[in-house]
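Chemist: 3D model of this:
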Amino acid sequence: MKKHFYLLILVIFTGCTCSDTVQKEISQDKIQMIASENSRIDGELSLDYFSDDLSGLTYDYYLNYITQHEAPSAKGIAKFIKQADYHYFKSQKSFFVIALYYKDSGRLIVDNSNTQVIERDTTWGNSSIPDLAKIAADYLK
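Modeler: Numbers count the residues shown, from 1 in each chain. As a prediction, the model looks like this:
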């Protein structure tokens, strides 16, 4: 009987740790990682790839770059960003803004790469999907 109990516990634990919901948990550490990584990436891309003009930076290029050049201290951040159900990305000459919305938790995150802090981190209490472009516009100035 004990053997079956331990086997059941093992199966439950394994099932829980492999689920997608565990991967989508949003911690303050991950949120802060987004801000610090975006600030780091802003500097690297601006100097090394975009000649001090980030206006040509696209979301796809950003995702590719963050995936390939993820800092050891921010392990898993690229995967976390990709897990957002909705995103908005806008680049300008000297910075970019990214807005992420995680539907399951209702979490809305907005970051401007010029700072090392998250500009907005809220739970979207509305049942509708937020207008990320409109929300991000406040951080494009």
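Chemist: For residue 86, what are phi and psi?
Modeler: Here is the backbone geometry of residue 86 (degrees, to the nearest 10): phi -140, psi 150.
Chemist: so what's it closest to, chain neighbours aside?
Modeler: Closest residue to residue 86 apart from its sequence neighbours, by Cβ to Cβ, 6 or more residues apart in numbering: residue 101 at 4.3 Å. All C-beta spots, glycine's among them, are computed from the backbone N, C-alpha and C.
Chemist: Following element in sequence after the helix or strand harbouring that neighbour, please.
Modeler: Element membership for residue 101 (DSSP states H and E) is strand 96-102. Counting by DSSP H and E, the element after strand 96-102 in chain order, helix or strand, is strand 107-112.
Chemist: angle of that following strand against strand 96-102?
Modeler: Calculated by axes from the mean of the first three to the mean of the last three Cα atoms, to 10 degrees, strand 107-112 forms an angle of 170 degrees with strand 96-102.
Chemist: Distance of the spatially closest residue to residue 85 that is not a sequence neighbour relative to residue 63?
Modeler: Leaving aside its sequence neighbours, residue 85 sits nearest to residue 103 (Cβ to Cβ, 6+ apart; 4.0 Å). For residue 103, the distance to residue 63 (Cβ to Cβ, to the nearest Å) stands at 19 Å.
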